[in-house]
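Novice: following is a predicted model, sequence given first.
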Amino acid sequence: MKGLKVLDVVGIGTPVVDCFATITDDFLKSRGLRKGATNFLPRAELDALEGAVKVKHVLPGDNARNVCEGISMLNGSAAYGGCVGKDWEGRFFCRTLEMLEIHSEVVFERGRTGKILVLLTPDKERTFAVDLGNSTQYRRVARKVLRRTRFLYLTSITALTSGSLRRTALTWMEQVLESGGRIALSLESPPMIRKHKQEIVRLIDQTHILFANKVEYRSLGMSIETIRRKVECFFLKMGKQGSKVVWGRSTARIPCLSKRVVDTTGAGDYYAAGALHGLARGLSPEKAGVRGAELAAKIVARTGASFCGLAPKGKRSNRSF
């Protein structure tokens, strides 16, 4: 901690390990899983499901972690906080943070590290079987880190989840705002947005940089002009249609830069990483959005929301891509 430099981004979230497997539609039906949806399962049931498939590869997961990795891969500086278990998944997760030179504020607690089975059917549809494990138990308040960051990144799910994680996330927001840092919030889960709209609006009132896709934006039920008045910059992600950036009285359209799409997992996270890296470097919101689109194009060209398999040992480099 001594001599910690100013950080571009500090992220807080729910650390998980993503396990990828290819299955059939019949397999999903036999297990009672909703195709294309997030299926929350008890850990024993998730473990049994994992034993019935052939896991091809394992990657670290979580939206905020993905953003921190994107910042790191652009040679920026990032820190990440969350809770994992004293198991191989937790150790694996922390090793990847070390490899990517992301400062860790992760703690080990009783219980299991969160896990997501990413089940891929032949039509490339993704179905998720999820247990968040002990990730909602996070209690650490890393004041020294939070005082030295330009942006705190979190999602609406993290800010509204049950357990101590929610209280910790709100405390982190207070610490960063008191220190003159800025809040970057990504809207996640349209059903949760509709259910907790008033709480989301209160979060947005404390937010400087807001990210959302089209469905999340519509679930909010707030006009672009209203959002324009509430935040410094709004990045609206529109998939193949690119993105729209709104700030002050200005609006810019950025085309989708993806030339090859293998897996869209994490595209929005890496877009946010590129945009925040650009803003931290003094770029205009439009140029920051272009940087986000460039990084998102790189992640969708591979399976999974991590470049860990390509990251070199030692000093990072953009050549890692």
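Specialist: Okay, I see it.
Novice: any idea how far apart the tips of stretch 189-201 sit?
Specialist: End-to-end distance for stretch 189-201: 15 Å, by C-alpha to C-alpha, to the nearest Å.
Novice: cool, stretch 298-308 as well?
Specialist: 13 Å.
Novice: what are the ranges of the helices in this structure?
Specialist: Ranges of helices in the chain, per DSSP state H, are 25-31, 43-51, 63-73, 88-99, 143-146, 156-160, 164-178, 190-195, 197-204, 214-220, 224-230, 267-280, 285-299.
Novice: any chance of these in a markdown table, plus distance to Thr127 and mean neighbour count?
Specialist: The way it works is simple: take the backbone N, C-alpha and C, and place the C-beta from them, glycine included. Shown next, in a markdown table, are those (distance: least, C-beta to C-beta, whole Å; neighbours: other C-beta atoms under 10 Å):
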| stretch | distance to Thr127 | mean neighbour count |
| --- | --- | --- |
| helix 25-31 | 6 | 14 |
| helix 43-51 | 11 | 14 |
| helix 63-73 | 18 | 29 |
| helix 88-99 | 20 | 18 |
| helix 143-146 | 36 | 18 |
| helix 156-160 | 19 | 23 |
| helix 164-178 | 25 | 19 |
| helix 190-195 | 17 | 15 |
| helix 197-204 | 27 | 16 |
| helix 214-220 | 18 | 18 |
| helix 224-230 | 32 | 13 |
| helix 267-280 | 18 | 28 |
| helix 285-299 | 20 | 23 |
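Novice: take the ones you listed and write them to CSV, including mean pLDDT.
Specialist: Compiled in CSV, the helices of the chain are given as follows (pLDDT from 0 to 100):
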stretch, mean pLDDT
helix 25-31, 94
helix 43-51, 95
helix 63-73, 96
helix 88-99, 95
helix 143-146, 95
helix 156-160, 93
helix 164-178, 96
helix 190-195, 91
helix 197-204, 95
helix 214-220, 94
helix 224-230, 96
helix 267-280, 97
helix 285-299, 96
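Novice: a markdown table for those helices, including distance to Val16?
Specialist: As requested, the helices of the chain are exported to a markdown table (distance: least, C-beta to C-beta, whole Å):
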| stretch | distance to Val16 |
| --- | --- |
| helix 25-31 | 20 |
| helix 43-51 | 11 |
| helix 63-73 | 9 |
| helix 88-99 | 8 |
| helix 143-146 | 22 |
| helix 156-160 | 12 |
| helix 164-178 | 13 |
| helix 190-195 | 17 |
| helix 197-204 | 22 |
| helix 214-220 | 20 |
| helix 224-230 | 30 |
| helix 267-280 | 13 |
| helix 285-299 | 17 |
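Novice: who wins for proximity to Val10 among these?
Specialist: Nearest to Val10 among the helices of the chain is helix 143-146 (5.8 Å), distances taken as C-beta to C-beta.
Novice: can you pull out the residues in contact with the closest one?
Specialist: 1, 4, 7, 10, 79, 81, 103, 105, 152, 172, 175-176, 179, 181 (C-beta atoms under 8 Å, 6 or more residues apart in numbering).
Novice: for the most centrally placed residue in the chain, what are its contacts?
Specialist: The residue lying closest to the centre of the chain (C-alpha atoms, centre = their mean) is Asn63, at 1.4 Å. Asn63 makes contact with Gly13, Thr155, Ile157, Thr158, Ser186, Glu188, Gly268, Asp269, according to C-beta under 8 Å, 6+ apart.
Novice: can you rerun that using 6 Å?
Specialist: Gly13, Thr155, Asp269 (C-beta atoms under 6 Å, 6 or more residues apart in numbering).
Novice: excluding its backbone neighbours, what's nearest the last one?
Specialist: Sequence neighbours aside, Asn66 is the residue nearest to Asp269 in space, at 3.6 Å (criterion: C-beta to C-beta, 6 or more residues apart in numbering).
Novice: the one you found against Gly266, yeah?
Specialist: Yes. Using C-beta atoms under 6 Å, Asn66 is in contact with Gly266, at 5.0 Å.
Novice: overlap of the contact sets of those two?
Specialist: Shared contacts of Asn66 and Gly266, counting by C-beta under 6 Å, 6+ apart, come down to Ala305.
Novice: re earlier: mind checking how far the residue nearest to Asp269 is from Thr158?
Specialist: 13 Å (C-beta to C-beta, to the nearest Å).
Novice: bridging residues for the spatially closest residue to Val246 that is not a sequence neighbour?
Specialist: Among residues not flanking Val246 along the chain, Phe234 sits closest, at 4.4 Å (C-beta to C-beta, 6+ apart). For Phe234, the beta-bridge partners under DSSP bridges are Leu210, Val246.
Novice: Phe234 and Leu210 touch, don't they?
Specialist: Yes. Counting by C-beta under 6 Å, Leu210 is a contact partner of Phe234 at 4.8 Å.
Novice: quick one, what contacts Ile89?
Specialist: Wrong residue type there; residue 89 is Glu, not Ile. Contact partners of Glu89, counting by C-beta under 6 Å, 6+ apart, are Val17, Thr113.
Novice: cutoff 10 Å now
Specialist: Neighbour list for Glu89: Pro15, Val16, Val17, Cys19, Val58, Pro60, Arg112, Thr113, Gly114, Lys115, Gly133 [criterion: C-beta atoms under 10 Å, 6 or more residues apart in numbering].
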